[in-house]
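Trainee: Need a 3D model of the sequence below.
(2 chains)
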Amino acid sequence: MSWINLSALWKIVVFGLLAGAGLPAIFAMGLYSLSKGPRVQTAGGGDSDGLVGGSLVGMAVAALCFLVVLAAIAWGIYEVYKIGHPAPAK
Amino acid sequence: MSNTFVLVLVVITALGFDFTNGFHDTGNAMATSIATKALSPRVAVGVSGILNLVGAFLSLAVAATIASGLVDTKLVTLTVVAAGLAGGITWNLVTWLFGIPSSSSHALIGGVIGATLAAAGGHAVKWHGLVSKVVLPAVLSPVIAALVAATGTWLLYRISRSLTEAARGHGFRIGQIGSACMVSLAHGTNDAQKTMGVITLALIANKTVASGSNAPFWVILSCALAISAGTYLGGWRVIRTLGKGLVEIEAPQGMAAESASAAVILLSSSFGYSLSTTHVATGSIIGTGLGKRGAEVRWNVAGRMATAWVFTLPSAALVGAGAYGLADVIGGTLGVVIDLIILLAVAAFIYWRSRGSKVDPNNVNDEWTGSVAPAEPQPAAA
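Mentor: Presented below is the predicted three-dimensional model:
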C-alpha cells in the first residue's frame, strides 16, 4: 500500500490548473475581446464603464469564450456526478 | 428499544454537526464575493445555501471513505459515534468564536478517532487510511490550491491589463459570482458527505445497515438540508477573517481564488479524498495574494490559522476521547444523554460569549483592525 496515490495527485494538479486557472483565463480573454471597439475608454456613468467596446467581432469572440467556460463547467459537473455514482458491480 | 433511542440521538447530533459545518464554512465560498461586494452578504449566503443543497446530491465517494475507510466499523458503537460528534462540534464552535476558518472535516474525523481510540484502542483505527486519505491531503491541498490560484491571478491580471479599472471590476465581479457558486456546489458535494458517512457509520454500528453500505436516501436528504440551513445562517466571524483578514482582495483575485478552490475540491472529492474545503479555500486566497504584484498577505493571520489546523485533529480527538470516557463511566443510554447535555451547555455558553463581540451582515466588511469583531465606536469593557 502506498501512502500517496501519485496518479490521483498529478491528475488533481494538472486538471486543477486547467480548470482552476485555465477557465478563468478564457473568461478573461472574453472580457478582453468584449472591451474592444469604438466605445472603449468612455468610462463614465451608467453602464458605459468600458466593459462593452462595441466591436461585433469582439463580441462574437467574447460570446465564444463564455460558452467554452460554461460548457466546460457543465461537463465537469457531469463527470463528478458520474464518478460519484458508480454503477453497481455485476 | 433503547438502542433506537440512542440511534435517534446520534442522528440528531450528527445533523447538528452538519449545521455547524455549514455556517463554519460559508466563508470558504462566499467570503471573497462579500469582500469585493460582488454579492450582498444576505444574497451570498442564500445562494450558497441552495447550491450546498444541490451539491450534496452530486457525489458519494467521500461518504464511503468516512464510513469505512478510517476506523474498523466492527469495533464502533453508537456511544463512540456520539462522543466523536461531541468532539467535532465543540472544536467547530470554539474556532468559530475566534473566527478561525479551521477544518470541519478534521474536527469530525479527529473526534471520531479519539472516541474510537478510547473505546477500542489503537488497532481499531486504520492509520494508513487516516494518513493517506486525510493527513497528507490536508498538507498538500492548500499548496496545490495556492499554486492554481496564483497562476490564475497572474493570468487574469495579465490578460485584462488593457481594460479600464471600472471595466475590469465589473467583468470579474460577474465571473466571481459564477466561481463562488461553483465553490458552494463543491462544498455541498464534499462536506455534506462527511456527515452522511458518520450517520452511515452509526447505522452500521447499530446493525441497521450492513457494513460497507452506501448512505440511504433519507440520510443524504437530511444532511443536505442541515448543511444548507447552516450555510444560510452564515458564519460571519469566519467570513470576515477570510474576506478581510488574510488578503485585501480585488474582483480578479476573488475569481481566481474561487475557481482554484472549486476545481481542487471537486477533483479531490471524486477521488474520495475527504479534504478540507477550508484548507483549500485558505490556500487559494493566500495564492491569490502571492500571484498579484504588490498584494500583501497577512502572514500573522495565516500563521494563526495554520496553528489551529495542526491542533484540530488532536484537540477534537481529546474531546471525543473524554466524551467517550465519561459516557462509558456512567454507562448505557444515560451516558450518551449526559454527554449530549454537556455538549448543549457548551454550545449555549459559546453562543453567549459570541454575543459580546457580534459580527453580522452589517459589519462583516468593516476595515480589518487585527481582530475578528470590528472595533466598537466606544470600546466596551473586555
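Trainee: Quick check: phi and psi at B:Leu58.
Mentor: Recorded main-chain torsions at B:Leu58 are phi -80, psi -40, according to degrees, to the nearest 10.
Trainee: Leaving out sequence neighbours, find the closest residue to it.
Mentor: With sequence-adjacent residues excluded and distances taken as C-beta to C-beta, 6 or more residues apart in numbering or on different chains, B:Leu58 is closest to B:Thr189, at 4.4 Å. Every residue, glycine included, has its C-beta placed from N, CA and C.
Trainee: try B:Gly325
Mentor: Skipping the residues right next to it in sequence, B:Gly325 comes nearest to B:Ala118 by C-beta to C-beta, 6+ apart, at 5.6 Å.
Trainee: Following element in sequence after the strand or helix carrying the one you found, please.
Mentor: If you go by DSSP states H and E, B:Ala118 is part of helix B:104-120. On the C-terminal side of helix B:104-120, the closest following helix or strand by DSSP H and E is helix B:127-130.
Trainee: residues of the following helix or strand past that following helix that come out buried?
Mentor: Towards the C-terminus, the helix or strand next in line after helix B:127-130, according to DSSP H and E, is helix B:136-159. Judged by neighbour count using 16 or more other C-beta atoms under 10 Å in any protein chain shown, the buried positions of helix B:136-159 are B:136-138, B:140-142, B:144-157, B:159.
Trainee: same question, stretch B:310-325
Mentor: For stretch B:310-325, the neighbour count (16+ other C-beta under 10 Å) marks B:311-313, B:315-325 as buried.
Trainee: Confirm that A:Gly37 sits in a helix.
Mentor: No. The assignment for A:Gly37 (DSSP: H, G, I helix; E, B strand; the rest coil) gives coil, which keeps it out of a helix.
Trainee: isn't the residue nearest to B:Leu58 right up against B:Ser269?
Mentor: Yes. Assessed by C-beta atoms under 8 Å, B:Thr189 is found in contact with B:Ser269 at 5.3 Å.
Trainee: joint contacts of those two?
Mentor: Residues touching both B:Thr189 and B:Ser269 (C-beta atoms under 8 Å, 6 or more residues apart in numbering or on different chains): A:Val80, A:Gly84, B:Ser59, B:Val62.
Trainee: Can you list the low-confidence ranges for the chain?
Mentor: Using chain A. Residues of chain A meeting the criterion pLDDT under 70: A:1-3, A:39-48, A:86-90.
Trainee: Correction: the question concerned chain B.
Mentor: By pLDDT under 70, the low-scoring segments of chain B are B:1-2, B:67-68, B:212, B:375-382.
Trainee: Quick check, central residue of it?
Mentor: Central residue check for chain B by C-alpha atoms, centre = their mean: the C-alpha nearest the mean position is that of B:Ser104, 3.7 Å away.
Trainee: Also near chain A: which of the buried residues of helix B:136-159, exactly?
Mentor: Of the residues in the buried residues of helix B:136-159, proximity to chain A by C-beta under 8 Å from any C-beta of the partner chain holds for B:Leu136, B:Leu140, B:Ile144, B:Ala145, B:Leu147, B:Val148, B:Ala149, B:Thr151, B:Gly152, B:Leu155, B:Leu156, B:Ile159.
Trainee: now those in TSV, with distance to B:Gly178?
Mentor: Putting those into TSV (distance: C-beta to C-beta, whole Å) gives the following:
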residue	distance to B:Gly178
B:Leu136	31
B:Leu140	27
B:Ile144	22
B:Ala145	18
B:Leu147	22
B:Val148	17
B:Ala149	16
B:Thr151	19
B:Gly152	14
B:Leu155	17
B:Leu156	14
B:Ile159	17
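Trainee: How many residues are close by the residue nearest to the residue nearest to the centre of chain B when sequence neighbours are not counted?
Mentor: Nearest residue to B:Ser104 in three dimensions, chain neighbours excluded: B:Asn21, at 4.2 Å (C-beta to C-beta, 6+ apart). As a burial measure, the neighbour count of B:Asn21 was computed by other C-beta atoms under 10 Å in any protein chain shown and equals 31.
Trainee: The closest residue to chain A within the stretch 251-382 of chain B: what's its closest spatial neighbour, skipping adjacent residues?
Mentor: For the stretch 251-382 of chain B, the nearest residue to chain A under the criterion C-beta to the nearest C-beta is B:Ala263, separated by 3.3 Å. Excluding its sequence neighbours, the residue lying closest to B:Ala263 (C-beta to C-beta, 6+ apart) is A:Gly20, at 3.3 Å.
Trainee: Look at that neighbour and give its secondary structure.
Mentor: What three-state DSSP gives for A:Gly20 is helix.
Trainee: List the contacts of residue 19.
Mentor: I went with chain A, as the question did not name one. Under the criterion of C-beta under 8 Å, 6+ apart, the neighbours of A:Ala19 are A:Ala72, A:Gly76, B:Ser259, B:Ala262, B:Ala263, B:Leu267.
Trainee: that's the other chain; I wanted chain B
Mentor: B:Phe19 is in contact with B:Ala226, B:Ile227, B:Ala229, B:Gly230, B:Leu233, counting by C-beta under 8 Å, 6+ apart.
Trainee: Buried only: go through those for me.
Mentor: Among the contacts of B:Phe19, those that count as buried by neighbour count (16+ other C-beta under 10 Å) are B:Ala226, B:Ile227, B:Ala229, B:Gly230.
Trainee: contacting residues for the second one?
Mentor: Taking C-beta under 8 Å, 6+ apart as the criterion, B:Ile227 is in contact with B:Asp18, B:Phe19, B:Asn21, B:Gly22, B:Asn52, B:Leu53, B:Ala56, B:Gly188, B:Asp191, B:Ala192, B:Thr195.
Trainee: How about residues contacting stretch B:238-249?
Mentor: Here stretch B:238-249 makes contact (C-beta under 8 Å, 6+ apart) with B:24-28, B:30-32, B:34-36, B:41, B:96, B:99-101, B:253, B:257, B:281-282, B:285-286, B:288-289, B:295-298, B:301-302, B:305, B:359, B:364-368, B:372, B:374.
Trainee: which residues touch the host helix or strand of B:Ala44?
Mentor: B:Ala44 is part of helix B:41-55, with elements assigned from DSSP H and E. Residues lying outside helix B:41-55 but in contact with it, judged by C-beta under 8 Å, 6+ apart, are B:22, B:26, B:29-30, B:33-34, B:39, B:180-181, B:184-192, B:224-225, B:227-229, B:231-234, B:236, B:239, B:361, B:364-365.
Trainee: picking up where we left off before, doesn't B:Gly320 make contact with the residue nearest to B:Gly325?
Mentor: Yes. With contact defined as C-beta under 8 Å, B:Ala118 reaches B:Gly320; the gap is 7.4 Å.
Trainee: anything in contact with each of the two?
Mentor: With C-beta under 8 Å, 6+ apart, B:Ala118 and B:Gly320 have common neighbours B:Ala83.
Trainee: In chain B, which residue sits closest to chain A?
Mentor: B:Ser59 (2.4 Å).
Trainee: Could you look up the SS state of that residue?
Mentor: Following three-state DSSP, B:Ser59 is assigned to coil.
Trainee: Spit out the contact partners of the residue lying closest to it once chain neighbours are set aside.
Mentor: Spatial nearest neighbour of B:Ser59, chain neighbours left out: A:Gly84 (2.4 Å); criterion: C-beta to C-beta, 6+ apart. Contacts of A:Gly84 were listed using C-beta under 8 Å, 6+ apart, and they are B:Leu58, B:Ser59, B:Leu60, B:Ala61, B:Thr189, B:Ser269, B:Ser270.
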